[in-house]
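# I'll drop the sequence and a predicted model, then ask my questions.
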Amino acid sequence: MNKLELVKGFLHGGDYNPDQWLKRPDILEQDYQLMDQSEINTVTVGVFAWGRLEPEEGIYDFAWLDNVFDKMNRRNGHVILATPSGGRPRWMSQKYPEVNRVDSEGHRHTHGFRHNHCYSSPIYREKVHEINTRLAERYGDNPALVLWHVSNEYSGECYCPLCQIKWREWVQHKYKTLDALNDAWCLSVWSGLYSDWAELLPPSLLGDSKVHGMDLDWHRFVSDMTIDFYQHEVQPLKKLTPNIPVTTNFMAESLKEGRYTPLTGLDYGKFSKSLDIISWDSYPSWHNRYETTAETAMKTAYIHDQFWSLKQRPFLIMESTPSCVNWGQYNKAKQPGMHRLSSFQQIAHGSDSTLYFQIRQAQGNSEKYHGAVIGHDGSSNSRVFKDVQQYGRELKKISEIKGAIKHVKVAIIFDWDSNWALNRGGGFGRPTRLGIQMLQKHYANFWRKDIECDVITSNMEFSQYDLLIAPMLYLIRQDTMEKIKKFVKNGGTLVSSYFSGLVDSNDRVNLGGWPKTLQDIFGIELKELDTLLPGEHYHVSFNQKQYETTDYDQIMRANNALVLGHYTDNFYGETPAITRNQYGKGTAYYVGARLSLKFIEDFYDDIIQKLGLGNSFVKSSNPVVSVQTRYNGDYVYHFVMNFSEKKQMIEFQRPSFDMLTQREVMTSVQIDKYGVMVLKERKNN
Ligand code: GLA
Ligand code: ZN
């Protein structure tokens with residue numbers, strides 16, 4: 001067991017920046033008192049502290065950090081120690097300009113923003129190796145150290161001459177010959193053929209900006225380089241502190257209204273293999289005006305589940321805000337009860353922590369208005385502080401759940417490269433691809449019915465699932481096709497849709513129609529994929545009901561498949577829209593058109609019943625009350641969460657015990673606005 005696994009109970013705390021307060025010993029002293037009062041047991045330190053740790057090249061100052069470790073040890077607390085590469089010191093950028101990034105237009109950046117180092121620079125790698133080694137040597141054996149937090153929110157790209165060399169090497173290694181490369185990227189188009197490796201430059205608006213295959217490989221390259229840099233950072237940590245696990249904090253994309261999805265810039269599926277535990281920074285926009293609280297909760301749940309699925313083991317929430325963020329257009333505080341509800345939701349989906357950005361609010365500079373446990377008033381009487389305190393106390397009551405796992409029978413497939421390719425290709429409707437939004441629509445069906453759902457990549461194992469959902473899986477590799485085939489043959493149930501299996505792994509369109517393997521599995525042939533204009537709708541008749549189509553209608557022919565639903569208008573006539581095919585011992589469904597959540601819900605009802613996927617604890621689910629379950633030893637823990645502004649009713653099959661109120665709970669229960677229950681029962685009920 002590593003150090004983190006040995007910790008009893010959940011981690012509660014977060015980013016702590018004493019390096020901003022070294023001239024205020026009174027404040028530093030007060031921090032620890034307030035942490036004790038709010039049941040904070042964990043601090044993440046050093047995330048952007050390189051300038052303090054190494055104020056001049058080769059001159060180190062660890063005294064302030066030693067003090068943090070002393071303080072945390074005295075209270076049996078835990079330290080998550082960051083490597084500081086997310087924000088390098090100014091002297092370094094000045095003395096060694098190569099550590100700074102070059103943008104896609106060729107501008108070399110100066111110092112001035114975090115997270116913007118070149119991942120190829122030998123000097124930056126050397127400096128990182130040195131500081132990481134020193135941190136590992138100094139704190140590796142410290143009892144309080146439980147986890148390495150490597151860098152911070154890796155992202156972005158660099159186009160410097162060093163990265164250009166790496167790019168050329170990467171492409172050359174992959175394709176071996178120019179001929180193979182010219183074919184893979186279809187470079188006969190527009191006279192793009194390479195005749196010398198030296199001609200190869202990264203895609204950019206200054207040059208190649210339309211070569212889809214190149215763009216796809218560039219995304220893969222950026223992921224690989226980021227992972228390579230991370231592995232370089234980790235090397236001294238693994239060598240010197242083998243029992244301290246290593247993570248880096250993953251992200252979600254939350255700036256676009258209504259679109260809350262995991263970050264798509266880096267292949268987290270691939271990246272996750274190099275992490276000991278997954279962690280991510282969760283900042284949903286609660287109380288917005290564009291969707292209901294339940295919709296925000298569903299999207300947040302989707303991301304939690306995707307990060308859970310990367311390892312199918314508990315993950316960490318590395319950052320969340322106790323109140324508001326500062327980077328939105330409008331930065332709303334959480335309403336009373338929402339902090340508790342949204343934090344329990346993290347635990348419900350498999351997190352073993354609730355950590356915040358940040359513990360004490362900065363006095364100045366860019367994040368001074370970002371929410372924090374301890375505000376500018378330094379008070380333990382603020383609403384936010386009390387929320388954190390109450391949650392900290394409640395978290396202690398359920399500490400036996402730490403480490404608990406989940407048993408999931410349904411999985412949705414999301415592949416980073418398929419998503420890159422889907423969004424890149426021209427044609428169809430540019431604003432209406434919405435791949436992840438469609439996955440979330442399928443996910444919503446299960447979330448609303450309290451059925452757990454993983455979000456996996458096609459590289460993961462399928463066999464433990466009863467139902468595999470792969471809508472809009474645009475790029476399907478040959479090996480994925482074979483895996484899918486095996487899954488269905490062996491008795492699995494598969495659902496896919498329009499926009500699946502259109503291109504190969506180089507983003508080249510499959511010739512001769514839909515791949516034969518897919519035709520066999522689904523028992524259909526694809527004809528045209530029709531793109532609809534905004535506001536244009538046609539209709540599908542399914543189970544004697546009419547449903548409206550939006551954005552896309554796939555026209556097809558059923559060969560072996562049974563037609564479950566057909567179009568009723570436009571030039572499609574009465575051609576099939578929804579089909580089912582018996583293949584081997586399994587079943588494959590194809591949904592040809594983009595349809596509403598109402599359709600998706602009706603469509604899955606039958607499948608859920610056939611496969612017995614329904615929640616065995618919930619008698620009648622309520623779409624705005626979410627139930628999520630974790631398992632530990634002989635016990636089962638159901639988190640029941642009301643994501644609505646009203647009291648709600650929910651019915652269970654059996655009485656159970658609420659760990660938060662320490663009361664017996666009957667089968668028919670009323671749950672308050674934003675209410676939470678953690679219901680415990682013995683396994684095998
Ligand atoms: C990110 C960063 C933090 C902080 C927060 C603010 O998650 O990792 O350093 O800037 O955003 O929300
Ligand atoms: Zn570079």
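Everything's here; your move. On a predicted model such as this, the values are computed, not experimentally measured, just so you know. Ligands and ions are numbered 1, 2, ... in the order given.

# When you work out contacts or count neighbours from here on, use the C-alpha atoms and nothing else.
OK.

# which parts of the stretch 101-250 of the chain sit against ligand 2?
When proximity is defined as CA under 5 Å from the ion, the stretch 101-250 of the chain approaches ligand 2 at 118, 158, 160, 163.

# give me every residue that touches the closest residue to the third one other than its chain neighbours.
Counting by CA to CA, 6 or more residues apart in numbering, residue 102 is the residue found nearest to residue 160 once chain neighbours are left out, at 4.9 Å. Shown here is residue 102, whose contacts under the criterion CA atoms under 8 Å, 6 or more residues apart in numbering are 108-109, 118, 158-160.

# If we use 6 Å, what do you get?
With contact taken as CA atoms under 6 Å, 6 or more residues apart in numbering, residue 102 is in contact with 108-109, 158-160.

# gap between it and ligand 1?
According to CA to the nearest ligand atom, to the nearest Å, residue 102 stands 22 Å off from ligand 1.

# for residue 518, same thing?
Remark: distance between residue 518 and ligand 1 (CA to the nearest ligand atom) = 41 Å.

# In three-state terms, label that residue for me.
Following DSSP: H, G, I helix; E, B strand; the rest coil, the label given to residue 518 is helix.

# just the one 10 residues further on next, same as before
Applying three-state DSSP to residue 528 yields a three-state assignment of strand.

# which ones are touching it?
Contacts for residue 528 were tallied using CA under 6 Å, 6+ apart; they are residue 555.

# pLDDT score for it?
The predicted local confidence for residue 528 comes out at a pLDDT of 97.

# now do residue 67
pLDDT recorded at residue 67 is 98.

# Next to ligand 1, which bits of the stretch 251-400 of the chain? Give me the list.
Within the stretch 251-400 of the chain, the positions near ligand 1 by CA under 6 Å from any ligand atom are 281, 325, 357.

# Identify the residue nearest the first one in space, chain neighbours excluded?
Excluding its sequence neighbours, the residue lying closest to residue 281 (CA to CA, 6+ apart) is residue 319, at 4.4 Å.

# Need phi/psi at the one you found.
With angles defined as degrees, to the nearest 10, residue 319 sits at phi -140, psi 150.

# try residue 263
Note on residue 263: backbone dihedrals following degrees, to the nearest 10 are phi -60, psi 140.

# tell me the contacts of it?
Contacts of residue 263 by CA under 6 Å, 6+ apart are 251-253.

# among those, which ones are buried?
Applying 16 or more other CA atoms under 10 Å to the contacts of residue 263, the neighbour count classes 251-252 as buried.

# buried stuff in stretch 437-450?
For stretch 437-450, the buried set under the neighbour-count rule, 16+ other CA under 10 Å, comprises 437-450.

# For the most centrally placed residue in the chain, give me its contacts.
With the centre of the chain defined as its mean C-alpha position, the nearest residue by CA atoms, centre = their mean is residue 262, 3.8 Å away. Residue 262 sits next to 252-253, 303 when contact means CA under 6 Å, 6+ apart.

# tell me which element whichever residue of the stretch 401-550 of the chain sits closest to ligand 2 is part of?
When you check the stretch 401-550 of the chain against ligand 2 by CA to the ion, the closest residue turns out to be residue 420, at 22.0 Å. Secondary structure assigned from DSSP states H and E places residue 420 in helix 416-424.

# What of residue 387?
With DSSP H and E as the criterion, residue 387 is inside helix 383-397.

# what lines up beside the helix or strand just after that helix in the sheet?
Sequence order places strand 410-413 as the next helix or strand after helix 383-397, per DSSP H and E. Note on strand 410-413: by DSSP bridges, its sheet partners are strand 454-456 (parallel), strand 467-470 (parallel).

# Quick one: mean pLDDT for the first one?
On average, the pLDDT along strand 454-456 is 98.

# So what's the gap between that strand and the chain middle?
The chain centroid and the centroid of strand 454-456 are separated by 10 Å under CA atoms, centre = their mean, to the nearest Å.
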